[in-house]
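Undergrad: Build me a model:
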Amino acid sequence: MTAGHAYMFLSLVSFSLIGIFAKVADGRDCRPAALYALVYFWALALVSAFAFGLRGASAGAPAQVYWIALPFGMCAAVAGIAFQVGIRYGKISTSWLVINLSAAIPTVGSILIYREPVSARKLMVISLVVISILLLWKDKQVEDARNASRLPAGEEG
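TA: Numbering: from 1, shown residues only. Predicted coordinates:
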């Protein structure tokens, strides 16, 4: 196994655990904004230790990286909080699947902005992502209708 494979496996396990920990936090009624403030505090501490531990004093970044990191961090925080709030209104499996399907957005962006070539395989994958999202939406409508029909008269869900 190469270092690249080890990092890929580590990212797979770590990203998977994020979904599990999010569900545990929701089960314990954690406030999403407070939870993600702590998540990013510990992320900063661990990444700093990792960066300075491996690179020592040369762990700095070029100035332009800070302007990339700012919106990157803002998007990560908003995404994390929105995900945490969203799982209170639906299933973790559906929420996590939608997050993973969101990978199609940068793919489409690469095609449109960077003129990345579109192969038949990429076109098929993007089409399947759209179909998956539509099916998830339809499934949610059917589930909501089923739940509404089970409520006694005069009650709202």
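Undergrad: only C-alpha atoms for contact and neighbour calcs from this point on.
TA: Fine.
Undergrad: Which element is encountered next along the chain beyond the helix or strand of the chain with the lowest mean pLDDT?
TA: Taking mean pLDDT, DSSP states H and E as the measure, the chain has helix 92-101 as its least confident helix or strand, at a mean of 76. For helix 92-101, the following helix or strand on the C-terminal side (DSSP states H and E) is helix 104-113.
Undergrad: Give me the angle between the longest helix along the chain and helix 92-101.
TA: When the chain is parsed with DSSP state H, its longest helix is helix 120-150. If you take axes from the mean of the first three to the mean of the last three CA atoms, to 10 degrees, helix 120-150 sits at 150 degrees to helix 92-101.
Undergrad: Relative to the whole chain's centre, how far out is helix 120-150?
TA: 18 Å (CA atoms, centre = their mean, to the nearest Å).
Undergrad: mean confidence for it?
TA: The predicted model assigns helix 120-150 a mean pLDDT of 85.
Undergrad: in it, what's buried?
TA: Across helix 120-150, burial judged by 16 or more other CA atoms under 10 Å covers I126, V129, I133, L136.
Undergrad: Now distance to P32 too, for those residues, in JSON lines please.
TA: Formatted as JSON lines, those follow (distance: CA to CA, whole Å):
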{"residue": "I126", "distance to P32": "31"}
{"residue": "V129", "distance to P32": "28"}
{"residue": "I133", "distance to P32": "25"}
{"residue": "L136", "distance to P32": "24"}
